[in-house]
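*Asks:* Take this sequence and fold it.
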Amino acid sequence: MDDPRNIRFGSFVLNRAHGCLQDETGAERFLRPKSFRVLELLSERCGQLVSKDELIRETWPDVFVSDDSLAQCVSDIRRALEPEGAKLLRTVPRRGYMLVDQPVRAQEPGRAHSKQWIVTAGGLVTVFFVVITVLWVQPHNRSEVESFAADPVMQQVDALLESRDWQQRENNEQARRLLESVISENPEHADALASLGLTYWLEVQHVAWGGGRREMERALELVERAVSIGGSARSHRLLAEMRLLSPFPEIRSRIDALANARAAVTIDAEDPNNLAVLAQALALTGRSHEAVQIIEEAIRREPTPPDWYRQVAGLSYLLAGKPVRAVEQFGPLYGAGTFTQARWWPGWLFAASLAHAGRTEEAARVVSTAQRHRPKQSVAGVAESFDGLANDEDLEFFLEGLRIAGVPG
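*Replies:* Numbers count the residues shown, from 1 in each chain. Got it, this is the predicted structure:
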């Protein structure tokens, strides 16, 4: 006999009597009590936006918690729903979350459901995966996808932005003009929105271009919008990158970055760039051993990996307690201007890796070079620039390497 209290969404059943989530086979998916409560609130109002404030108020009625607690619950739900979660749970920018469409009352776990969805993936702010319904215009068949990918203007834009070279500002500005033209004709062009966001992100990344908070906020707004429309793996990857590396601490979010990096890999696990960004997010959130596995897979798939793969690999190896392997990755970068422009941070990591590998004299020479090129003259100064490391033990291990190498403090 069906329990009328149960709610079905997609092929899942929220079994209130047992306090669990069941898949179509009847098997239970693990959810912590608070995560179950968040999912219960969303399923009760399926098809409606539920604000963050309301979810927090109803889930933690007598406790003050931050958005991070809610984000962690959403992350738990995403993991429990994978891979179908990408079809069901949507993030609404800066506002809240919703399950798509009204659920039907549960019958039996495993019974086929009638609704079919046209799906893509995305996410925002505390982002994980996003679904878009057939009411939103997206390419649905092979010919439409091929014509979309063959857009000559977007191909030109991709060529202009591919190198991300700080010396190619003119290319960036030309790409921006093309993208603004595309978006003026089609405001819902997710790829164009993401690429336009990239042009602003590059303004921020390349110090010589002078981008600041305004450009950072504009970049975030555009890429988040692309993701909410139904952005590609690339959109998620860009959002993860910005949430990891923004120079403005209030914009950085390790939870969002990791969630978007995982989303990118879920959408396209064959792209080594998605794997490399996920590895970077894992390394910076205290999951260095997992990061090592992911970046090694990315390097295996990319015959000529770019330098930034080496940076991520070196970081992952160092934090995983494999300094010799880290030296192998950072070493080739050292002769290529490790302490210039945006490449300064691998230099400090290279010095720490050498020190932990027992090569203290070489580490001291790297530090001496660093202090000629960079303003950071103490361990405390370097630590301020590495506040993206989530794990205190990881940060202290890195800083101890610098102390061994002769950095004061």
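
*Asks:* Let me know the secondary structure of the spatially most central residue of the chain.
*Replies:* Most central in the chain under C-alpha atoms, centre = their mean is residue 240, positioned 2.5 Å from the mean C-alpha point. Here residue 240 is recorded as helix under DSSP: H, G, I helix; E, B strand; the rest coil.

*Asks:* So for it, what's the pLDDT?
*Replies:* pLDDT, residue 240: 92.

*Asks:* Quick check, it in contact with residue 275.
*Replies:* No. Using C-beta atoms under 8 Å, residue 240 and residue 275 do not qualify as a contacting pair, with a distance of 11.8 Å. For glycine as for every other residue, the C-beta is placed from the backbone atoms N, C-alpha and C.

*Asks:* about what we covered before: I'd like to know how far the residue nearest to the centre of the chain sits from residue 400.
*Replies:* In this view, residue 240 and residue 400 are 29 Å apart by C-beta to C-beta, to the nearest Å.

*Asks:* same thing with residue 255?
*Replies:* For residue 255, the distance to residue 400 (C-beta to C-beta) stands at 27 Å.

*Asks:* Which one's more surrounded, the two?
*Replies:* The neighbour count for residue 255 versus residue 400, taken as other C-beta atoms under 10 Å, is higher for residue 255 (21 against 14).

*Asks:* And the closest residue in space to the more buried one that isn't next to it in sequence, its phi and psi?
*Replies:* Among residues not flanking residue 255 along the chain, residue 71 sits closest, at 5.0 Å (C-beta to C-beta, 6 or more residues apart in numbering). Dihedral pair for residue 71: phi -60, psi -40, per degrees, to the nearest 10.

*Asks:* before we move on, what about residue 9?
*Replies:* Dihedral angles of residue 9 (phi, psi; degrees, to the nearest 10) stand at phi -140, psi 130.

*Asks:* Next: residue 17.
*Replies:* phi -60, psi -40.

*Asks:* Settle this for me: it is touching residue 5, isn't it.
*Replies:* Yes. At 6.4 Å, residue 17 and residue 5 qualify as touching, with contact defined as C-beta under 8 Å.

*Asks:* Just want to know which of those two has more residues nearby.
*Replies:* residue 5 (11 against 8).

*Asks:* pretty sure the more buried one is in a helix, no?
*Replies:* No. Counting by three-state DSSP, residue 5 falls outside a helix, being coil.

*Asks:* Now do the same contact list for it.
*Replies:* 16, 17 (C-beta atoms under 8 Å, 6 or more residues apart in numbering).

*Asks:* isn't residue 353 right next to residue 323, touching?
*Replies:* Yes. Under the criterion of C-beta under 8 Å, residue 353 makes contact with residue 323 at 4.6 Å.

*Asks:* before we move on, the earlier item: could you count how many residues lie near the residue nearest to residue 255?
*Replies:* Residue 71 sits with 20 neighbouring residues when counted by other C-beta under 10 Å.

*Asks:* Pull up the gap between it and residue 235, please.
*Replies:* Taking C-beta to C-beta, one finds residue 71 at 19 Å from residue 235.

*Asks:* and what of residue 158?
*Replies:* 14 Å.

*Asks:* Which of the two has more residues huddled nearby?
*Replies:* Taking other C-beta under 10 Å, residue 158 and residue 235 do not tie; residue 235 has more neighbours (34 against 14).

*Asks:* Next SSE downstream of the strand or helix carrying that one?
*Replies:* Residue 235 belongs to helix 233-245 when assigned by DSSP states H and E. Next along the chain after helix 233-245, taking DSSP H and E as the criterion, comes helix 254-267.

*Asks:* for that next one, packing partners?
*Replies:* In this structure, helix 254-267 makes packing contacts with helix 67-81, helix 85-88, helix 233-245, helix 272-284, judged by 3 or more C-beta pairs under 8 Å, 6 or more residues apart in numbering; DSSP states H and E.

*Asks:* need these in a markdown table with distance to residue 183, can you?
*Replies:* Formatted as a markdown table, the helices and strands packed on helix 254-267 follow (distance: least, C-beta to C-beta, whole Å):
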| stretch | distance to residue 183 |
| --- | --- |
| helix 67-81 | 29 |
| helix 85-88 | 25 |
| helix 233-245 | 14 |
| helix 272-284 | 24 |
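
*Asks:* looking at those helices, which one has the lowest mean pLDDT?
*Replies:* Among those, helix 85-88 carries the lowest mean pLDDT (a mean of 64).

*Asks:* Could you tell me which strands sit next to the helix or strand following that one in the sheet, and their orientation?
*Replies:* Following helix 85-88 in sequence order, the next helix or strand is strand 89-92 (DSSP H and E). Here strand 89-92 is paired, per DSSP bridges, with strand 96-99 (antiparallel).

*Asks:* Contacts for the strand it pairs with next, please.
*Replies:* 9, 42-43, 45-55, 74, 88-92.

*Asks:* what does stretch 180-197 give?
*Replies:* By C-beta under 8 Å, 6+ apart, the surrounding residues in contact with stretch 180-197 are 136-137, 148, 153-154, 157-158, 161, 175-176, 179, 218-223, 225-227, 229-232, 234-235, 238.

*Asks:* hey, where'd the helices end up in the stretch 101-250 of the chain?
*Replies:* 142-149, 152-161, 169-185, 190-205, 213-230, 233-245 (DSSP state H, counting those that start in this stretch).

*Asks:* tell me the angle the third one makes with helix 190-205.
*Replies:* So that's helix 169-185. Angle of helix 169-185 versus helix 190-205, following axes from the mean of the first three to the mean of the last three C-alpha atoms, to 10 degrees, is 150 degrees.

*Asks:* got it, and the second one?
*Replies:* Orientation of helix 152-161 against helix 190-205 (the same axes, to 10 degrees) gives an angle of 20 degrees.

*Asks:* Dump the C-alpha coordinates for helix 152-161 into PDB.
*Replies:* Listed next in PDB are the C-alpha coordinates belonging to helix 152-161 (Å, rounded to 0.1, in the frame of the first residue of the first chain):
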ATOM      1  CA  PRO A 152      31.400  31.100 -37.100                       C
ATOM      2  CA  VAL A 153      31.300  34.100 -34.800                       C
ATOM      3  CA  MET A 154      31.700  31.900 -31.700                       C
ATOM      4  CA  GLN A 155      34.500  30.000 -33.500                       C
ATOM      5  CA  GLN A 156      36.300  33.400 -34.000                       C
ATOM      6  CA  VAL A 157      35.800  34.300 -30.400                       C
ATOM      7  CA  ASP A 158      37.200  31.000 -29.200                       C
ATOM      8  CA  ALA A 159      40.300  31.500 -31.300                       C
ATOM      9  CA  LEU A 160      40.800  35.000 -29.900                       C
ATOM     10  CA  LEU A 161      40.400  33.900 -26.300                       C
END
